[in-house]
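Enquirer: Show me how the following folds:
(one chain, ligands or ions: 1)
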Amino acid sequence: MSIAERIESIRKELNESVTLVAVSKTKPVEAILDAYAAGQLEFGENKVQELVGKYELLPKDIHWHLIGHLQSNKVKYIAPFVHLIHSVDSLKLLSEINKQALKCNRVIDCLLQFHVASEETKFGLNETEATELLNSEEYKSMKNIRIVGIMGMASFTDHLDLIHKEFQSLKSTFEVLKTSHFHEDDFFKEISMGMSGDYSIAVSEGSTMIRVGSTIFGSR
Ligand SMILES: *Cc1c(COP(=O)(O)O)cnc(C)c1O
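Expert: Below you'll find the predicted structure:
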């Protein structure tokens, strides 16, 4: 199957309300252009340098998503153009995004990343930490960022029950925060969960945004 056919076949499985982010990390611009020609406009990258390089080479109506861990000192490189940052896991990072967004006269949309997987290595907040962040005066004073939802990754496992449980936990966190801090904010609506191996489960558990790489572009 071509890249265009793979995108088409994933789209057919999705309700229109679910956004497909094509994860193009490590893949050449030619592959991205194939996807773009098929109407794909949302692309995700996990490294700042690679994201900036591709942004410069590719059509400017592409929406670029930063999905990987982001260091504060690199925010400035993506602040002028990034569409959505999925991986906000600290007040310090959010504060730097706010600062750089102000310099660019933009409001940058962000997701809070949560840790639900059993693996130690995955980044992310827990509910208590997120609540602290959202209750802080520093957060409340930020005018150039907007938190539009949450993101998370399930464990890399064959245990489907566990994957279901982890996605349910993310959905529940979303509902808790919606009620506690974003009750009146229609923009707080995204749950970014699901990758090549588990996006069907994620969608069944309420994902609004899936991040799919290898199923579209082939293995890395
Ligand atoms: C690489 C990556 C993906 C896509 O992974 P695939 O298994 O290739 O679909 C999704 N989310 C994040 C955060 C990633 O780093």
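
Enquirer: After the biggest helix by length in the chain, heading C-terminal, what element do we hit next?
Expert: In the chain, with assignment by DSSP state H, the single longest helix is helix 160-181. On the C-terminal side of helix 160-181, the nearest following helix or strand under DSSP states H and E is strand 190-192.

Enquirer: Give me the distance between that following strand and the centre of its chain.
Expert: Distance of strand 190-192 from the chain centroid (CA atoms, centre = their mean, to the nearest Å) equals 7 Å.

Enquirer: go on, stretch 108-126?
Expert: 10 Å.

Enquirer: swap in stretch 95-115?
Expert: Worked out by CA atoms, centre = their mean, stretch 95-115 lies 13 Å from the chain centre.

Enquirer: check whether that stretch contacts the ligand.
Expert: No. Judged by CB under 6 Å from any ligand atom, stretch 95-115 and the ligand are separated, with a smallest distance of 8.7 Å. In this view, the C-beta of every residue, glycine as well, is placed from N, C-alpha and C.

Enquirer: how about the CA coordinates for that stretch, as PDB?
Expert: The C-alpha trace of stretch 95-115 is given here as PDB (Å, rounded to 0.1, in the frame of the first residue of the first chain):
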ATOM      1  CA  SER A  95       6.400  29.300  31.400                       C
ATOM      2  CA  GLU A  96       9.100  29.200  28.800                       C
ATOM      3  CA  ILE A  97       6.600  28.500  26.000                       C
ATOM      4  CA  ASN A  98       4.500  31.400  27.300                       C
ATOM      5  CA  LYS A  99       7.600  33.700  27.200                       C
ATOM      6  CA  GLN A 100       8.600  32.700  23.700                       C
ATOM      7  CA  ALA A 101       5.000  32.900  22.400                       C
ATOM      8  CA  LEU A 102       4.800  36.400  23.700                       C
ATOM      9  CA  LYS A 103       7.900  37.300  21.700                       C
ATOM     10  CA  CYS A 104       6.200  36.000  18.600                       C
ATOM     11  CA  ASN A 105       3.000  37.700  19.400                       C
ATOM     12  CA  ARG A 106       1.200  34.300  19.400                       C
ATOM     13  CA  VAL A 107      -0.900  32.100  21.700                       C
ATOM     14  CA  ILE A 108       0.500  28.600  21.600                       C
ATOM     15  CA  ASP A 109      -1.800  25.600  22.200                       C
ATOM     16  CA  CYS A 110      -0.500  23.000  24.500                       C
ATOM     17  CA  LEU A 111      -1.500  19.600  26.000                       C
ATOM     18  CA  LEU A 112      -0.500  18.500  29.500                       C
ATOM     19  CA  GLN A 113       1.300  15.100  29.200                       C
ATOM     20  CA  PHE A 114       0.300  12.500  31.800                       C
ATOM     21  CA  HIS A 115       2.200   9.500  32.900                       C
END
